[in-house]
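Chemist: Just a sequence and a predicted model for now, questions to come.
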Amino acid sequence: MSSTTTPWILQMHDSGPTRQSVQPDEVVLGLSPGFGQQFDQTITGIPHAEVLRQMLAGAEEQQVSVRLIRLHHSSDLALIAHTAARLSGSGIGIGLLSRGTAMIHQKDLPKLSSLELFPQSPMMTLEVYRSIGSNAAQYAKGEAPQPVPTMNDHMARPRWQAKAALLQLKETELVVAGRKPVEVEVDLRRAAG
């Protein structure tokens, strides 16, 4: 599933304050401040349009809806995921950083705990993102899915650490202290041509 074989265009805009939902078949996907705006691809060059398309498809296959929010007041993955879970009617949220790191969270867990953590953004693939959407949706339905299998490369940290730190620094520069989370409208469509 290569991002070069399915070109997609992603347009996003913040559409107003977030709301607490009571919809039990919903997962909230919390985005970091620069996702899909100042940044348009992960640390390894996967377009954000493809990442979102796969996550949404994974949830839709489980017949669960996904609502997107953006946190402007933090670039911390655990806080983004936990906030998304607290705002979700199902109590399940996903946090996603611009560089590609992700986490599935549940509202009644401590912030630094999670259902599933995907810390090695260089090892993320489109298949993994789709599985994250699917697993989050299964948790929302009260199921207990098998954790998403991920690759682990002990050399990824030394190879990608400088770029990851720079991307996190740039993302953190976009943080606006005290700004409340907002709903995000997404237009995701196939590129012409």
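Modeler: Yep, it's here. None of these values were measured; they are calculated from a predicted model. Residues are numbered from 1 along each chain as shown.

Chemist: where does residue 23 land in three-state SS?
Modeler: Classification of residue 23 by DSSP: H, G, I helix; E, B strand; the rest coil places it in coil.

Chemist: Show the contacting residues for it.
Modeler: 65, 89-90 (CB atoms under 8 Å, 6 or more residues apart in numbering). Bear in mind the C-beta positions are built from the backbone N, C-alpha and C, glycine included.

Chemist: ok, now residue 103?
Modeler: 77-78, 80-81, 94-95, 114, 116-118.

Chemist: Go again with 7 Å.
Modeler: 77-78, 81, 94-95, 114, 116-118 (CB atoms under 7 Å, 6 or more residues apart in numbering).

Chemist: hang on, the earlier thing: in strands, which of the contacts of residue 23 appear?
Modeler: Among the contacts of residue 23, the members found in strands (DSSP state E) are residue 65.

Chemist: Neighbour-wise, give me the winner out of the contacts of residue 23.
Modeler: residue 90 (24 neighbours; other CB atoms under 10 Å).

Chemist: Report the contact partners of that residue.
Modeler: Listed by CB under 7 Å, 6+ apart, the contact set of residue 90 reads 24-27, 140.

Chemist: Name whatever forms a beta bridge with the residue nearest the centre of the chain.
Modeler: For the chain, the residue nearest the mean C-alpha position is residue 96 (2.8 Å; CA atoms, centre = their mean). In this structure, residue 96 bridges to residue 31, residue 102 when assessed by DSSP bridges.

Chemist: Is it in contact with residue 29, as I believe?
Modeler: Yes. If you go by CB atoms under 7 Å, residue 96 and residue 29 touch, sitting 6.4 Å apart.

Chemist: Flag the helix or strand of the protein with the lowest per-element mean pLDDT.
Modeler: For the chain, using mean pLDDT, DSSP states H and E, the weakest element among its helices and strands is helix 156-172, scoring a mean of 83.
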